[in-house]
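Chemist: structure here, sequence nowhere to be found:
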C-alpha cells in the first residue's frame, strides 16, 4: 500500500509541474471499477485532428479522431472501455472499468495545419486521474457478501448451540453418575463390614 501511495504522490507532483501553464486541468479521483469523462475542447477554431494521450510525456495514445475524414481510432487497451460522443472538435470521452494502471495525466492534443507546418497545441480538458485501490462493490457483490456473512453467523450460532448441548449432556451425565458411584461405594463398604463381622464370629467359634 505504501508503494501505491508513493506512486500517486510522485505522479501528482510531476503532473502538477508538467501541466502548469496548460489550458484547463483538474485532478479526478476515482475507485477501481468506476468511470470518468474527459471533455476535450480545442484551443481555437480550425483544428483538423484531435488525439487523447496519457502519461507524463504523452507517450501513450488512447484515442484519435480526424476532423476531416471522420476516421476514429481506439487503442486495444481501451477498445472495450472507451466511449465518445460529440461533434469534432468538441469531443467527450468516457473511460469505464478503471484499473490502478489507468492512473496518470490525460491530455487533449489538437493539430492544425498551415502552409508550411503542423501546429500542435493542448486543448481544454486535460486531467490528472488517480484511481484508488478500494474497489466499488456492485449490488451483486454486496448481496453475495451479505449472504456469506449470514452463513458465517449461522455457522457460529450452530457451533455455539452444539457446544452448549454437549456441555449440558456432560453435566447431566456427571450429575447422574456421581450419586450412583457414591451409592455403589457405600454398598461395597457395608458388604465389607458384614463380611468382617462374619469372619470374627467364625474365629470366636473356632477358639472356643
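Modeler: Sure, I can see it. Since this is a predicted model, take the numbers as computed values, not measurements.
Chemist: and residue 133, how many neighbours?
Modeler: For residue 133, the count of nearby residues is 11 (other C-beta atoms under 10 Å). Glycine gets a C-beta too; all of them are placed from N, C-alpha and C.
Chemist: wasn't it part of a helix?
Modeler: No - assignment of residue 133 by DSSP: H, G, I helix; E, B strand; the rest coil gives strand, placing it outside any helix.
Chemist: test my guess that it contacts residue 32.
Modeler: Yes - using C-beta atoms under 8 Å, residue 133 makes contact with residue 32 at a distance of 6.6 Å.
Chemist: anything in contact with each of those two?
Modeler: Residues touching both residue 133 and residue 32 (C-beta atoms under 8 Å, 6 or more residues apart in numbering): residue 100.
Chemist: so where's this protein uncertain?
Modeler: Within the chain, the stretches with pLDDT under 70 are 1-25, 134-151, 192-208.
Chemist: which residue ranges of it form helices?
Modeler: Listed in chain order, the helices of the chain (DSSP state H) span 2-18, 139-207.
Chemist: backbone phi and psi for the nearest residue to residue 88 once chain neighbours are set aside, please?
Modeler: Leaving aside its sequence neighbours, residue 88 sits nearest to residue 67 (C-beta to C-beta, 6 or more residues apart in numbering; 4.2 Å). For residue 67, the backbone dihedrals (degrees, to the nearest 10) come out as phi -70, psi -30.
Chemist: who are the contact partners of residue 67?
Modeler: 47-50, 88-89.
Chemist: now flag whichever of those is closest to residue 99.
Modeler: Distance ranking of the contacts of residue 67 against residue 99, using C-beta to C-beta, places residue 50 first at 24.6 Å.
Chemist: the closest one contacts residue 40, correct?
Modeler: Yes - judged on C-beta under 8 Å, residue 50 makes contact with residue 40 at a distance of 6.1 Å.
Chemist: what sits in contact with each of those two?
Modeler: 89, 91, 108, 123.
Chemist: what residues are bridge-paired with the third one?
Modeler: Each beta-bridge partner of residue 108 is listed here: residue 52, as defined by DSSP bridges.
Chemist: what about it, how many neighbours?
Modeler: 28.
Chemist: relative to residue 57, how far out is it?
Modeler: 16 Å (C-beta to C-beta, to the nearest Å).
Chemist: rewinding a little: from residue 43, how far off is the residue nearest to residue 88?
Modeler: 14 Å.
Chemist: then residue 37?
Modeler: 20 Å.
Chemist: what's the answer for residue 170, then?
Modeler: For residue 170, the distance to residue 43 - C-beta to C-beta - is 84 Å.
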